[in-house]
Every structure is written in structure tokens, then in C-alpha cells.
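S.K.: Sequence first, predicted model second:
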Amino acid sequence: MEKHIKGIFLNRPNRFIAEVEINGEIEEVHVPNTGRCKELLIHGVTVYLIPSNNPKRKTKFTLHYVLNRGELVSIYSQEANKIVFDAISDGKIKELSEYNYLKREKQVDNSRIDIYLSNDEEECFVEVKGVTLVNGDVAMFPDAPTERGSKHLNELIKLKKEGKRAIVFFLVQHPIAKSFKPNWENDPVFSKTLNDAYDTGVEILVYKCKNSLEKIELIPKSLDFDLGE
């Protein structure tokens with residue numbers, strides 16, 4: 001993993017930019033997460049950045065980790081797909097160990113499902129959601145309303161009704177979490193759609209990561225979840 005640069009978070013003028021103090025200088029850095037992350041991105045908190053090698057990019061750094069309750073929390077949302085894909089490839093997810101074909105992304109109608117698996121008997125579609133919000137020790141998703149998330153769940157429901165195996169995979173990127181539930185207060189539509197999906201037979205898997213500045217490791221043990229309000 002690339003060497004991280006330590007900084008102090010100051011504020012977030014918009015969804016994509018944060019102001020961070022690095023060695024006494026204020027830098028605008030890229031925020032690779034469209035969620036609110038308000039419980040993480042607090043003025044004065046320690047953050048760790050990845051430097052960019054692209055001289056044409058407007059920002060020199062990407063915000064990767066936030067230090068929260070003594071743990072490094074990854075807010076790099078797109079990274080969640082790769083972590084899960086690699087974990088499946090390495091046989092760390094027992095529920096998905098019986099497939100001999102694995103690929104990133106599969107077009108389904110107007111959506112792109114994150115991971116596609118198959119064997120001689122069935123096809124399996126996995127949609128990955130990175131989770132950073134933890135209330136106490138309960139991970140919650142989403143931290144902001146997500147029409148796109150509900151759309152993906154409806155695609156999984158459709159696939160399940162067509163006889164395919166369909167899974168929504170919540171990757172909790174805050175190591176302190178011990179269980180998961182949908183965030184009814186922030187997005188009741190997504191939360192209800194998740195319940196509908198589960199009732200239809202869409203499976204829910206919840207795993208978490210242990211993060212360090214050297215690497216991110218998926219812990220090969222699923223977490224419990226509760227779909228109630």
C-alpha cells in the first residue's frame with residue numbers, strides 16, 4: 001500500500017473536497033465518499049491521505065483514513081468492492097466459496113452489479129455497500145439517503161425472482177462494529193426495500209475490516225444483523 005501522509009481535518013466545503021492541514025499548510029484534498037461522514041469528519045481529527053501521482057489532477061491528495069475512537073476508518077467507498085472481490089478470490093468468505101468463475105461488475109438492465117459469480121449450477125450477483133457509520137457498536141447504512149442504493153436492491157429482488165442467487169454485501173469499514181442494522185431514520189425507503197429484498201430471498205452478508213497504514217484485512221467472520229426499526 002502507498003505511504004500515507006498524516007494531516008488534520010479542518011472542514012468539508014462540498015462532497016468532494018476537504019480542507020486538511022499538512023505540516024502547517026492548508027491543502028484541498030479529494031474526498032472519495034459521497035456520504036455525509038459527519039460522525040467521522042470532525043474539525044481537528046487526524047486523517048491519513050494518499051498522495052496522487054497525476055500531475056494534472058487539481059488535488060494532490062486523496063483522503064483515505066480517519067482516526068475515530070482509536071481505530072482507522074476507511075472512507076474510500078470504491079475500495080470496498082475490491083476488498084470484497086479479493087476476499088472472495090482468496091476464499092475468505094465461506095458463503096461464496098463454491099464458485100469457479102468470478103468477475104468484477106455485471107450489467108443488469110440499467111444497473112451495474114458489483115460482483116458476478118457462477119458455477120455449473122447457478123449464477124450469483126453481489127452488490128457491495130461500504131459502511132462507515134457506527135452508532136455505539138452497531139454499524140448502520142446509509143448515512144445519507146440513497147436512491148441509487150434502493151435501485152440496486154430492486155435489481156437484486158428482480159434477479160432473485162428470476163431464479164438467480166442475489167446478495168447485498170455490507171462491508172463495515174469501521175473495526176469497532178459488532179453488528180449491523182439499516183438506518184431507518186436517515187433513509188426509510190432504503191431500509192424498507194432492504195426488508196422487502198430479504199423477504200424475497202435476497203441474502204444479506206455483513207463483514208468488517210481491520211485497517212492499518214500498511215494494509216486492509218477482511219476479518220473472515222460474518223456479523224449479525226437486525227432489520228427492524
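M.R.: Thanks, I have the structure now. Predicted model only: the values in this text are computed from it and were never measured. Numbering: from 1, shown residues only.

S.K.: which residues of the chain score low on pLDDT?
M.R.: Residue ranges of the chain with pLDDT under 70: 1-2.

S.K.: Break it down into its domains, please.
M.R.: Per automatic domain parsing, the domain ranges recorded for the chain read 5-73, 79-225.

S.K.: Let's have these in TSV, adding mean neighbour count.
M.R.: For glycine as for every other residue, the C-beta is placed from the backbone atoms N, C-alpha and C. Supplementary listing: these in TSV, determined by neighbours: other Cβ atoms under 10 Å:
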stretch	mean neighbour count
domain 5-73	16
domain 79-225	18
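
S.K.: Helices of the protein, start to end?
M.R.: Here the chain has its helices, by DSSP state H, at 79-89, 147-161, 188-200.

S.K.: Can you verify my assumption that residue 213 contacts residue 6?
M.R.: No: look at residue 213 against residue 6 with Cβ atoms under 8 Å: they stay out of range, at 9.3 Å.

S.K.: Residue 58 is nearest to which of the helices of the chain?
M.R.: helix 79-89 (20.9 Å; Cβ to Cβ).

S.K.: what helices or strands is the closest one leaning on?
M.R.: If you count contacts as 3 or more Cβ pairs under 8 Å, 6 or more residues apart in numbering; DSSP states H and E, helix 79-89 packs onto strand 101-108, strand 111-118, strand 123-131, strand 165-172, strand 203-211, strand 216-218.

S.K.: The first one: how far from the chain's middle?
M.R.: Its chain's C-alpha centre and that of strand 101-108 lie 18 Å apart, by Cα atoms, centre = their mean, to the nearest Å.

S.K.: again with the second one
M.R.: Between the mean C-alpha point of strand 111-118 and the mean C-alpha point of its chain there is a distance of 16 Å (Cα atoms, centre = their mean).

S.K.: what's the angle between that strand and strand 123-131?
M.R.: Using axes from the mean of the first three to the mean of the last three Cα atoms, to 10 degrees, one finds that strand 111-118 and strand 123-131 are set 120 degrees apart in direction.

S.K.: And the residue nearest the centre of this protein?
M.R.: residue 130 (1.0 Å; Cα atoms, centre = their mean).

S.K.: what's near enough to touch it?
M.R.: Applying Cβ atoms under 8 Å, 6 or more residues apart in numbering to residue 130 gives the contacts 33, 74, 77, 79-80, 171, 173.

S.K.: repeat that for 10 Å
M.R.: 33, 35, 74-81, 83-84, 141, 169-173, 209 (Cβ atoms under 10 Å, 6 or more residues apart in numbering).

S.K.: between the helices and strands packed on helix 79-89, which gets nearest to residue 12?
M.R.: Closest to residue 12 of the helices and strands packed on helix 79-89, according to Cβ to Cβ: strand 123-131, at 17.9 Å.

S.K.: Direction included, what does that closest one pair against?
M.R.: Applying DSSP bridges, strand 123-131 is found paired with strand 111-118 (antiparallel), strand 165-172 (parallel).
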